[in-house]
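no sequence for this one, just the structure:
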């Protein structure tokens with residue numbers, strides 16, 4: 001699944017903050033409408049979800065129990081179904097390398113998931129099965145971003161929620177149109193230490209590992225503000241570790257220069273990248289079209305293109321890969337405002353500055369990077385249906401030594417405009 005650490009942060013916010021608020025509001029609305037059975041069921045669900053209003057909800061249920069002369073519990077097992085269908089317009093750009101890049105494309109995103117929830121005492125357990133897929137539109141126009149035609153990721157998930165604790169673990173099985181299979185596992189835990197009015201303070205930890213990278217781990221201090229309407233938010237501040245593969249291009253270039261053919265002055269003749277045999281291309285064109293026609297660029301160019309295409313298929317430029325290990329401070333912020341009209345505005349802001357502490361050589365360990373993600377989304381949630389519209393940017397900037405500036409872009413920027421619909425039953 002995409003952006004897993006971000007996904008787990010959103011999950012924690014949803015389970016700890018928003019879920020209880022929404023259910024509590026629905027319970028009060030059912031009570032006002034005179035539907036006692038439904039209101040009790042919703043009060044129980046809100047109590048089991050945990051959060052700021054747990055004690056208040058428990059008192060309401062005790063009052064119902066006394067009034068009804070028995071146990072107010074009506075159900076301990078429930079099922080949930082969630083779906084999401086959206087389209088993301090993508091723009092990707094690179095700056096600061098040997099050649100600037102600008103690409104456009106699209107991503108048709110879909111997900112379905114089902115959950116079995118049940119409570120035991122003050123704990124609620126949830127078992128989930130999910131399926132996520134992406135279909136990249138016009139990805140032939142995005143060679144640098146290098147997307148597959150499609151990806152899919154079935155997954156399994158378990159979460160445990162109490163009055164002060166949230167635990168979420170899961171596994172995804174990532175499959176691509178190129179036949180790649182990369183399983184990934186993740187975990188998130190959060191514990192509330194103190195509460196003050198509508199605010200909660202605590203600690204959190206995350207871990208994620210994917211076979212082909214990346215791998216991440218983090219420890220954070222956490223803050224949440226939970227209200228049924230108005231301003232809500234969450235923030236995480238701490239340290240993050242990240243590991244991913246990088247190509248050891250300096251080693252490749254160095255080896256090529258050691259073994260290269262040199263000119264009369266002793267300079268290395270660049271043989272890093274092979275070239276076509278121009279004489280053979282001309283001979284083939286002349287044999288098939290005659291000498292005079294091969295002077296026509298429209299006739300000769302297809303032979304050049306075919307020669308380069310054949311070269312790309314037969315030549316194997318192999319680079320050694322290694323795990324690059326980064327560590328640095330991390331900050332994540334989520335703010336939302338819920339109006340009485342059931343329209344909400346959500347914003348997010350993530351920052352991570354990292355130092356490369358373990359690389360292929362001392363030159364790589366001079367690298368640093370700053371990554372960020374920010375976005376704004378509008379939601380309308382009249383009932384079980386949610387419509388959303390928003391924008392998001394992912395920013396990455398490398399701090400590079402001079403030896404690497406010809407091989408890595410200094411700045412990468414991915415912008416997405418998204419619109420879609422979510423359902424929940």
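In hand now; what should we look at? Only a predicted model underlies this, so the values are computations on that prediction, with no experimental measurement involved.

Strands of the stretch 301-425 of the chain, residue ranges please.
321-338, 343-358, 368-380, 385-399, 411-424 (DSSP state E, counting those that start in this stretch).

Next, format these as CSV and append mean neighbour count and mean pLDDT.
Placement of C-beta: from N, CA and C, glycine included. Listed next are those as CSV, based on neighbours: other C-beta atoms under 10 Å; pLDDT from 0 to 100:
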stretch, mean neighbour count, mean pLDDT
strand 321-338, 18, 90
strand 343-358, 17, 93
strand 368-380, 16, 94
strand 385-399, 16, 94
strand 411-424, 16, 94
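
Tabulate the ones you listed in JSON lines, adding columns for distance to residue 64.
Output for those, formatted as JSON lines (distance: least, C-beta to C-beta, whole Å):
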{"stretch": "strand 321-338", "distance to residue 64": "27"}
{"stretch": "strand 343-358", "distance to residue 64": "30"}
{"stretch": "strand 368-380", "distance to residue 64": "32"}
{"stretch": "strand 385-399", "distance to residue 64": "30"}
{"stretch": "strand 411-424", "distance to residue 64": "26"}
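
Relative to residue 110, which of these is closest?
Evaluated with C-beta to C-beta, the strands of the stretch 301-425 of the chain place strand 411-424 nearest to residue 110, the distance being 9.0 Å.

Now do that closest one and strand 368-380, the angle between them.
Angle, strand 411-424 to strand 368-380, by axes from the mean of the first three to the mean of the last three C-alpha atoms, to 10 degrees: 30 degrees.

which residues are in contact with strand 411-424?
Identification of contacts with strand 411-424 by C-beta atoms under 8 Å, 6 or more residues apart in numbering yields 80-96, 107, 109, 145, 377, 384-398.

Got the domain ranges for the chain?
4-19+77-248+321-424, 252-314 (automatic domain parsing).

can you tell me the average pLDDT over the last one?
If I follow you right, that is domain 252-314. For domain 252-314, the mean per-residue pLDDT is 60.

one step back: among the domains of the chain, show me which one is buried the most.
Highest mean neighbour count of the domains of the chain: domain 4-19+77-248+321-424, a mean of 16 (counted as mean count of other C-beta atoms under 10 Å).

now that domain, how far from the centre of its chain.
Relative to its parent chain, domain 4-19+77-248+321-424 has a centroid offset of 3 Å by C-alpha atoms, centre = their mean, to the nearest Å.

re earlier: any chance of the domains of the chain in JSON lines with distance to residue 45 as columns?
As requested, the domains of the chain are exported to JSON lines (distance: least, C-beta to C-beta, whole Å):
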{"stretch": "domain 4-19+77-248+321-424", "distance to residue 45": "7"}
{"stretch": "domain 252-314", "distance to residue 45": "58"}
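
Would you mind telling me which of those domains is nearest residue 59?
domain 4-19+77-248+321-424 (14.2 Å).

Quick one: the strands in the chain, in order.
Along the chain, the stretches classed as strands by DSSP state E are 77-95, 101-120, 123-137, 150-161, 165-176, 181-196, 199-210, 215-225, 230-247, 321-338, 343-358, 368-380, 385-399, 411-424.

Sheet partners, orientation included, of the longest one?
Based on DSSP bridges, the pairing partners of strand 101-120 within the sheet are strand 77-95 (antiparallel), strand 123-137 (antiparallel).

which residues does residue 150 contact?
133, 134, 135, 136, 176, 177.

what's across from it in the sheet?
Bridge pairing for residue 150 - DSSP bridges - gives residue 135.

so how far is residue 135 from it?
Using C-beta to C-beta, to the nearest Å, we find residue 150 at a distance of 5 Å from residue 135.

Please report how far the residue nearest to residue 47 when sequence neighbours are not counted lies from residue 199.
Excluding its sequence neighbours, the residue lying closest to residue 47 (C-beta to C-beta, 6 or more residues apart in numbering) is residue 57, at 4.5 Å. Taking C-beta to C-beta as the measure, residue 57 and residue 199 are separated by 18 Å.

Repeat that for residue 237.
15 Å.

rewinding a little: which among the domains of the chain is found nearest to residue 42?
Of all those, domain 4-19+77-248+321-424 comes closest under C-beta to C-beta, at 10.7 Å.

where does residue 212 sit relative to residue 245, distance-wise?
7 Å.

Give me the residues contacting stretch 82-100.
By C-beta under 8 Å, 6+ apart, stretch 82-100 touches 101-115, 142, 144-145, 388, 405-424.

mind redoing it with 7 Å?
Here stretch 82-100 makes contact (C-beta atoms under 7 Å, 6 or more residues apart in numbering) with 101-113, 142, 144-145, 406, 408-424.

now swap in stretch 341-357 and tell me
Applying C-beta under 7 Å, 6+ apart, the set of residues contacting stretch 341-357 is 6, 240, 242, 324-338, 364-365, 367-382.

at 6 Å what do you get?
240, 324-338, 365, 367-382 (C-beta atoms under 6 Å, 6 or more residues apart in numbering).

partners of the nearest residue to residue 171 once chain neighbours are set aside in the sheet?
Of all residues not flanking residue 171 in the chain, residue 185 sits nearest, at 4.8 Å (C-beta to C-beta, 6+ apart). Beta-bridge pairing for residue 185 (DSSP bridges): residue 171, residue 209.

wouldn't residue 185 be in contact with residue 172 here?
No - Residue 185 lies out of contact with residue 172 (C-beta atoms under 6 Å); the separation is 7.8 Å.

overlap in contacts of residue 150 and residue 135?
If you check residue 150 and residue 135 against C-beta under 6 Å, 6+ apart, no residue is contacted by both.
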